[in-house]
Every structure is written in structure tokens, then in C-alpha cells.
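Visitor: For reference, the sequence and a predicted model appear below.
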Amino acid sequence: MRAQVVIIGAGPAGLMLGRLLELAGIDTIILERKSPDYVLGRIRAGVLEQGSIDLMGRAQAGARMHAEGLIHHGVELSFDGDRQRFDFTQLMGRHVMVYGQTEVTRDLMAVRRSSTIYEAEDVSLHDFDGKPWVTYRKDGLTHRIDCDFIAGCDGFHGICRASVPPPAIATFERTYPFGWLGVLVDQPPVADELIYAHHARGFALCSQRSAVRSRYYIQVPADEKAEAWDDARFWDELRSRLNPETAEALQTGSSIEKSIAPLRSFVAEPLRFGQLFLAGDAAHIVPPTGAKGLNLALSDVAALADAFIEHYIDRSPAALKGYSTKALQRIWKAERFSWWMTNLLHTFPETGDFGRRIQRAEFDYLTGSTVAQQSFAENYLGLPF
Ligand code: APR
Ligand code: PHB
């Protein structure tokens with residue numbers, strides 16, 4: 001087989017890249033280790049920046065998102081029960097859209113016309129410094145695809161970044177001593193907008209998927225097990241971290257999903273190795289606090305797609321040459337914001353009372369300064385793609 005670009009991974013990054021290239025007449029094959037059902041079973045975050053909304057439109061995959069996505073004009077931050085609403089429309093004249101990553105993936109899968117090979121095992125990259133080719137196993141047979149380029153969109157645990165010889169790649173990492181325990185429930189959201197809450201017992205987030213489906217998270221120690229949390233314990237703990245009115249309004253029920261995600265900041269540099277390019281979680285991880293993971297994956301592939309289009313259509317190598325530097329500038333800004341928001345809102349036992357006072361001062365500064373609020377809103381809404 002032959003393709004101009006072989007894309008490894010059919011998460012949002014791989015599917016969006018594949019779609020943008022297919023619309024430009026560039027032929028791609030996507031290799032995905034899991035089945036479509038498995039990919040669609042993963043529950044992940046759900047806040048889209050304007051750049052992501054626009055990109056779904058460019059991919060001609062935005063119809064259901066526009067019909068079902070919820071436009072949010074603001075967000076609430078609460079600190080030990082003191083509440084502050086950030087009015088995005090007033091501060092920056094923009095908004096975000098709440099629409100699950102699973103739905104983004106489903107819509108991108110539905111519009112794709114080119115080949116996606118699911119349940120492709122043992123994907124291996126060859127000669128990406130020269131004339132690249134990729135092998136994989138399916139139904140007991142080994143297959144080979146020759147290509148011009150490989151796009152590594154295979155997430156944090158994928159094979160692409162791992163295939164780069166260690167001296168050629170630098171990684172930067174911060175792990176946090178806690179994770180998020182998330183619960184999905186078929187109950188109306190507790191509020192119209194998202195609530196990010198700092199509390200001495202730990203961080204909590206009230207999010208949503210629709211008018212009848214909610215998503216809640218609480219900070220838990222990194223070694224905690226989801227099985228240790230039955231629904232009643234989760235709701236009690238969540239209520240204890242919210243201000244009394246919100247806690248009172250919370251509508252609880254049986255969870256339909258419950259899982260723990262670790263928090264990590266991670267960046268690999270550079271993003272190009274010969275004819276191999278990394279994008280999305282394969283290249284970087286942000287803690288979910290700023291809702292940047294999906295948006296960052298999409299901004300990477302928007303830049304990468306444009307670079308491939310310049311290469312094939314305009315016959316210019318400049319954008320492919322510049323991809324790594326350009327994408328990393330935006331990546332590091334999103335890393336900074338996600339790290340900052342994580343630091344503001346979580347409890348860090350090791351920083352003690354001093355750390356708590358600093359967090360309180362940060363919150364008071366935010367609530368007291370329109371300029372600080374604008375800076376928060378500018379980053380939360382997303383820097384330009
Ligand atoms: N071979 C083929 N496919 C692979 C391999 C492999 N060796 N390893 C991983 N994959 C697949 C995974 O099964 C997954 O479907 O690559 C895909 C990567 O998708 P995501 O993890 O969703 O990563 P990405 O598309 O970059 O999207 C980033 O996902 O993790 C969230 O917060 C993150 O929202 C962000 C988004
Ligand atoms: C979610 O709805 O899953 C969600 C929302 C906002 C975040 C993180 C996760 O910052």
C-alpha cells in the first residue's frame with residue numbers, strides 16, 4: 001500500500017488531520033490500535049475554544065456540534081465558598097462551547113471518506129529519516145505502507161514518540177501528587193455554567209455534557225482507587241467542597257461512569273524527526289484544569305495540515321520546516337496556563353499555609369482586577385490558532 005501521509009492514531013488529532021488533508025486532496029491512511037467502539041467509549045473533557053469550533057466547521061463536521069453544543073458565556077471560580085463569575089463575552093467578546101470530546105471524535109469519524117484501519121496491531125515506523133514506511137499486523141498478517149510522511153497522533157502512550165532515538169528528543173515534565181476522580185451522571189447540571197472550586201479539602205469541578213447529563217470531578221490523592229468511592233461517598237465529598245447554595249442545588253443519582261485520571265504536564269521537543277511529525281497528546285499533556293488538551297491537539301493539527309497542504313499544493317517546504325517551532329510556542333503558553341490554573345485551584349499539602357495564603361491572594365487579585373480577569377479569559381477562551 002501507499003499513502004502520502006500515514007497517520008498513527010484515530011483520536012481527535014488523527015481524525016481531524018486526516019479530514020483536513022482529505023479535503024485538500026491529500027491521501028492518507030489512519031492506523032488505529034483499538035476498535036471504533038473502544039475509541040468512542042472513552043469519556044474525556046468537553047470544552048471547545050472558538051478555534052476548535054471553527055476547525056470543526058472547516059472539516060465539514062460541525063453540524064451536530066452547532067445543534068447540540070452548549071454555548072457558555074462565562075465560568076465561575078469559587079474559593080473556599082467565595083464565588084466569582086468571569087463573563088467571557090463582557091471581558092473578551094468571545095465564548096466557549098461545551099461539547100464532549102467523544103462527540104467530536106464521533107462526528108469526525110462519520111465524515112471521513114478515506115481509509116481508517118482499526119485494530120491495527122504492532123504498528124512500527126521505519127526509515128523516517130529517509131523514505132518512510134510503516135508496518136502493522138491485522139488478522140494475523142503483516143502489512144506495509146510506503147509514504148512520504150508519518151503523523152504521530154497516537155497519544156501519550158503511543159509508538160511514535162517512543163520510536164525517536166532518545167538523544168534526538170528532549171522532554172519536560174511535571175507530575176502532580178493527585179488525580180481527578182470523575183463521575184458522569186444523567187442528572188441536570190447544578191448550574192448553567194462550569195464551576196471550578198478551590199477548597200481546603202481539595203479541588204472540585206462541576207461540568208456538564210447536556211441539559212440532562214452532568215460531569216463532576218474531585219481532586220483525590222494520586223494513589224487513590226475509584227473502587228474506594230461509591231456514589232454516596234463521592235456526592236458527600238463533592239458537596240463539602242462547594243459553596244452551600246450550589247451544594248444544596250446539586251442533583252445526584254447513580255453514576256454511569258467513574259474513573260480517576262492522573263494530572264501531568266509534559267512537553268516533548270522538537271515535534272519533527274525527519275519525515276515524522278508529532279501532534280496532540282503524543283507530543284504533550286496538560287492537566288485538565290484549563291480544558292486545553294483537546295483544543296491543543298486540534299491547534300497542532302490545524303498547523304500541521306496547513307504545512308502539508310503548503311508542501312503538496314504550493315510545493316513549499318517552509319511551513320513543514322516551521323511546524324515544530326510554531327506549534328511549540330502555542331503549546332508552551334497553554335502548558336503555562338494549565339499549570340497556573342492547576343496551582344491556583346488544587347490543594348498542595350507540601351506548600352503548607354504559606355501556599356494557601358498565596359493562592360488566596362491570587363484569587364483576590366483575580367476578582368479585584370479587570371485586567372487579570374481579561375488575562376484569565378483570554379487564555380481560557382484560547383489563544384489564536
Ligand atoms: N498504534 C496505533 N494507534 C495507537 C497506538 C499505536 N501504537 N497507540 C495509541 N494509539 C491510538 C489510541 O488508541 C488513540 O485512539 O492513538 C489514539 C490517540 O488518541 P488520543 O489519546 O485521544 O490523543 P489525541 O488525538 O492527541 O487527542 C488529545 O485526548 O487525551 C485527550 O486530553 C487529551 O483531549 C485531548 C485529546
Ligand atoms: C469536562 O467536562 O470533562 C471538563 C470540563 C472542563 C475542564 C476539564 C474537564 O477543565
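Guide: On my side now, so go ahead. Numbers count the residues shown, from 1 in each chain. Ligands and ions are numbered 1, 2, ... in the order given.

Visitor: Show me where the stretch 151-300 of the chain has its strands.
Guide: 170-185, 195-198, 204-208, 214-221, 255-269, 272-273, 276-278, 284-285 (DSSP state E, counting those that start in this stretch).

Visitor: which strands and helices sit next to the longest one?
Guide: So the one you mean is strand 170-185. With contacts taken as 3 or more C-beta pairs under 8 Å, 6 or more residues apart in numbering; DSSP states H and E, strand 170-185 sits against strand 214-221, helix 231-241, strand 255-269. Just so you know, the C-beta spots here come from the backbone N, C-alpha and C atoms, and that holds for glycine as well.

Visitor: Minimum distance to ligand 1: which of these has it?
Guide: strand 255-269 (8.8 Å; C-beta to the nearest ligand atom).

Visitor: need the contact list for the closest residue to Pro132 other than its chain neighbours.
Guide: Excluding the flanking residues, the one nearest Pro132 by C-beta to C-beta, 6 or more residues apart in numbering is Gln275, at 4.8 Å. By C-beta atoms under 8 Å, 6 or more residues apart in numbering, the contact list for Gln275 reads 128-130, 132, 148-150.

Visitor: Which among the strands of the stretch 151-300 of the chain is found nearest to ligand 2?
Guide: strand 204-208 (3.2 Å).

Visitor: Keeping just the C-alphas, turn the closest one into CSV.
Guide: Output of strand 204-208 as CSV, limited to C-alpha atoms (Å, rounded to 0.1, in the frame of the first residue of the first chain):
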residue,chain,number,x,y,z
ALA,A,204,-13.8,20.2,42.7
LEU,A,205,-15.3,20.9,39.2
CYS,A,206,-18.9,20.9,38.1
SER,A,207,-19.2,20.4,34.4
GLN,A,208,-21.8,19.1,32.0
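
Visitor: so Glu76 touches Gln84, yeah?
Guide: Yes - under the criterion of C-beta atoms under 8 Å, Glu76 is in contact with Gln84, at a separation of 6.9 Å.

Visitor: before we move on, the earlier item: relative to ligand 1, how far out is the residue nearest to Pro132?
Guide: For Gln275, the distance to ligand 1 equals 18 Å [C-beta to the nearest ligand atom, to the nearest Å].

Visitor: try Asp122
Guide: 8 Å.

Visitor: May I see the buried residues of whichever helix in the chain runs longest?
Guide: Scanning the chain for the longest helix, with DSSP state H as the assignment, gives helix 318-345. Of all the residues in helix 318-345, those buried under the rule 16 or more other C-beta atoms under 10 Å are 319-320, 323-324, 326-328, 330-331, 334-335, 337-339, 341-345.

Visitor: for stretch 181-198, same thing?
Guide: Neighbour-count burial for stretch 181-198 [16+ other C-beta under 10 Å]: 181-185, 187, 189-191, 193-198.

Visitor: residue ranges with poor pLDDT in the stretch 51-200 of the chain?
Guide: By pLDDT under 70, the stretch 51-200 of the chain has no low-scoring segment.

Visitor: Contact residues of this protein facing ligand 2?
Guide: 45-47, 194, 207, 215, 288-289, 291 (C-beta under 6 Å from any ligand atom).

Visitor: if we go to 8 Å?
Guide: 43-47, 98, 100, 182, 194, 196, 205, 207-209, 215, 217, 288-291 (C-beta under 8 Å from any ligand atom).

Visitor: which ones among these come in contact with ligand 1?
Guide: Among the residues of the chain next to ligand 2, ligand 1 is touched by 44-45, 288 when using C-beta under 8 Å from any ligand atom.

Visitor: which residues pair with the residue nearest to Tyr216 when sequence neighbours are not counted across the strands?
Guide: Distances taken as C-beta to C-beta, 6+ apart put Val183 closest to Tyr216, at 5.1 Å, once the chain neighbours are dropped. Beta bridges link Val183 to Tyr216, Lys258 when assigned by DSSP bridges.

Visitor: got the contact list for Val183?
Guide: 215-217, 231, 234, 255, 257-258.

Visitor: Nearest residue to the middle of this protein?
Guide: Geometric centre of the chain, nearest residue: Gly293, 2.0 Å, by C-alpha atoms, centre = their mean.

Visitor: can you map out the helices along the stretch 1-150 of the chain?
Guide: Under the criterion DSSP state H, counting those that start in this stretch, the stretch 1-150 of the chain contains helices at 12-23, 36-41, 50-58, 63-68, 88-92, 101-111.
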